[in-house]
Structures are given as structure tokens and as C-alpha cells.
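J.: Got a predicted model here, sequence first, then my questions.
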Amino acid sequence: MSEKKKFSADGPAPRKRFWTQASVEPSDNGFAVLLDGKPVRLPGREVLQVHSRALAEALAAEWQAAGMDDPQKRFAADDLPLTRIAGTMIERVTPDRQHSVDTLAGYGEHDLLCYRAEASDPLSARQQELWQPWLDCLRETYGVTLTVTHGLMPVPQPSASLEKLKQILSERSDAILAALGVCVPALGSLTLGLAVIDGRLDAERAVNIATLDERAQMERWGEDVAHLDRIATMSADVTDAARFVTLAEDK
């Protein structure tokens with residue numbers, strides 16, 4: 001097993017499938033994904049290996065399927081969503097957890113759910129109905145209170161709340177931080193991201209909550225391709241992140 005294969009999941013152009021069989025093998029650090037018996041290497045040259053066999057088998061399955069539907073057997077990064085999250089965990093989160101914690105906490109500082117339409121706008125009532133319960137849940141579950149504003153001007157959040165968010169995040173596993181690094185930016189909300197990862201909110205409902213503004217616009221003006229594409233991408237990202245955590249925690 002001295003020969004290694006290298007793959008860059010961040011490459012924008014599709015690449016030709018170069019393997020026949022993807023498999024899993026126990027390794028010194030859990031379970032490694034192999035292509036034709038040779039470990040996959042990530043862009044930073046780390047081996048693609050995880051602690052959970054269930055996750056490793058899911059990673060191998062997406063490699064086995066990658067490019068199979070293309071007549072020329074080409075594959076792209078979008079074919080390997082779990083691998084992308086695993087790569088982030090291995091090469092970015094694990095070496096520098098504090099950076100991940102600080103970045104994610106920043107979304108709490110500017111959480112989507114805190115920015116409402118003007119009180120005179122009918123949308124404001126819908127935001128209150130859909131968004132406020134999750135800010136209340138954040139307060140009740142973690143003791144974190146975030147300030148709500150009406151309008152676009154930034155609103156400062158209590159420093160104690162931001163520090164509490166960092167503490168909460170610092171206690172999470174590398175796998176959870178990596179998954180949050182996908183679903184939180186997609187949703188624009190650390191509050192919703194935590195609810196999804198904690199299992200209190202499913203991906204479909206989280207996306208519906210986060211895209212209230214876009215859906216309201218389409219109700220008024222008709223369907224918008226850009227909005228629909230953004231919602232579809234968000235849904236895929238949040239679903240992948242939630243699945244990654246479930247698999248990572250299955251020992």
C-alpha cells in the first residue's frame with residue numbers, strides 16, 4: 001500500500017474516473033477509503049480516513065458511484081459531497097479548531113433570524129412566527145440570547161452571548177464543526193444550523209425557514225430561477241451536512 005492516489009475535490013473541471021472499485025479498510029486512525037486497493041489522498045495529501053465505519057462506507061459508496069452516470073465516466077466535486085466535508089474535517093478543522101469555532105460564531109453575530117422586515121411589512125409577522133421560536137429555543141437550550149432588529153443595519157449582539165456560542169462550538173466534535181461549516185453558511189444562521197445538527201430540525205424545514213424571504217417574493221411575483229436554484233443548493237448542502245454527522249456518530 002505504498003502507492004497512493006491523489007484527488008482534489010476542489011477542482012472545478014470534471015475529471016476522468018480512474019478506478020474500478022472503491023472499498024474500506026481498517027487503518028491506524030479508523031477506516032480508510034481505498035480506490036483499487038490504494039488509499040485516497042486529499043488535496044493537502046492527508047489520507048481520507050475517518051473514525052466511523054458507517055461514514056467510511058458511505059464515502060466509499062459515493063466514490064463507487066462517481067462518474068458512473070456519465071458516458072465518458074467523468075466526475076466532479078459535486079459527486080462527492082461527503083468527501084468534501086470529510087476533507088474539511090481532516091485538513092482544516094482538526095489542525096485548527098479555533099479558527100472553525102471563531103468563524104462559525106461569526107454567523108451567530110449576524111444571524112439571519114435576527115434581521116426582520118419593518119414592522120409595517122406583512123413579512124415581519126411571518127418572520128416572527130417562523131423565526132422567533134428558534135431564537136427562543138437557542139435561549140432555552142443554551143442560555144444564548146440574540147438581539148432582533150427591524151431593517152438592514154447591523155445590530156450588535158451581547159458579548160456574553162457570543163462567548164457562550166464559542167464555548168458551545170468548542171465542545172463539539174471535529175465532525176460536527178465540519179458539518180456546521182457547510183450548513184451554517186448555507187442557511188445564513190448558526191441558530192438553525194445548531195438545531196439541524198442537534199436533530200431538533202430536519203433539513204427540509206430548516207431550508208423553508210431560512211428561505212422565507214425568497215418564497216414570499218415568489219408568492220408575490222412568481223417563480224424565480226435564481227431563487228429556486230439557491231434553495232435547491234441550500235437543501236442539498238444542509239441534507240449532506242446532517243447525514244455526515246449521523247454517519248460520523250455511528251460507531
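T.: Sure, I can see it.

J.: separation between the closest residue to Pro81 other than its chain neighbours and Thr233?
T.: Excluding the flanking residues, the one nearest Pro81 by C-beta to C-beta, 6 or more residues apart in numbering is Asp240, at 4.2 Å. Where C-beta positions appear, they are placed from N, C-alpha and C, glycine not excepted. Per C-beta to C-beta, to the nearest Å, Asp240 is found 11 Å from Thr233.

J.: Kindly report the same for Asp174.
T.: 25 Å.

J.: Same check on Ala86?
T.: 20 Å.

J.: And Asp213, by the same measure?
T.: Using C-beta to C-beta, we find Asp213 at a distance of 16 Å from Thr233.

J.: what about the helices in the stretch 51-200 of the chain?
T.: Along the stretch 51-200 of the chain, counting by DSSP state H, counting those that start in this stretch, helices occupy 53-65, 81-88, 97-109, 122-142, 159-170, 174-187, 190-197.

J.: Most tightly packed of those?
T.: Of all the helices of the stretch 51-200 of the chain, helix 190-197 carries the top mean neighbour count, a mean of 26, counting by mean count of other C-beta atoms under 10 Å.

J.: helices or strands up against that helix?
T.: Contacts defined by 3 or more C-beta pairs under 8 Å, 6 or more residues apart in numbering; DSSP states H and E place helix 190-197 against helix 97-109, helix 122-142, helix 174-187, helix 203-210, helix 225-248.

J.: same thing but 10 Å
T.: Packing partners of helix 190-197 (3 or more C-beta pairs under 10 Å, 6 or more residues apart in numbering; DSSP states H and E): helix 97-109, helix 122-142, helix 159-170, helix 174-187, helix 203-210, helix 225-248.

J.: chain center to it, what's the gap?
T.: Put simply, helix 190-197 sits 10 Å off its chain's centre (C-alpha atoms, centre = their mean, to the nearest Å).

J.: same question, stretch 93-101
T.: 15 Å.

J.: Stretch 227-246 now?
T.: That offset, for stretch 227-246, works out to 7 Å (C-alpha atoms, centre = their mean).

J.: where in the stretch 1-150 of the chain is pLDDT low?
T.: Within the stretch 1-150 of the chain, the ranges that satisfy pLDDT under 70 run 1-12.
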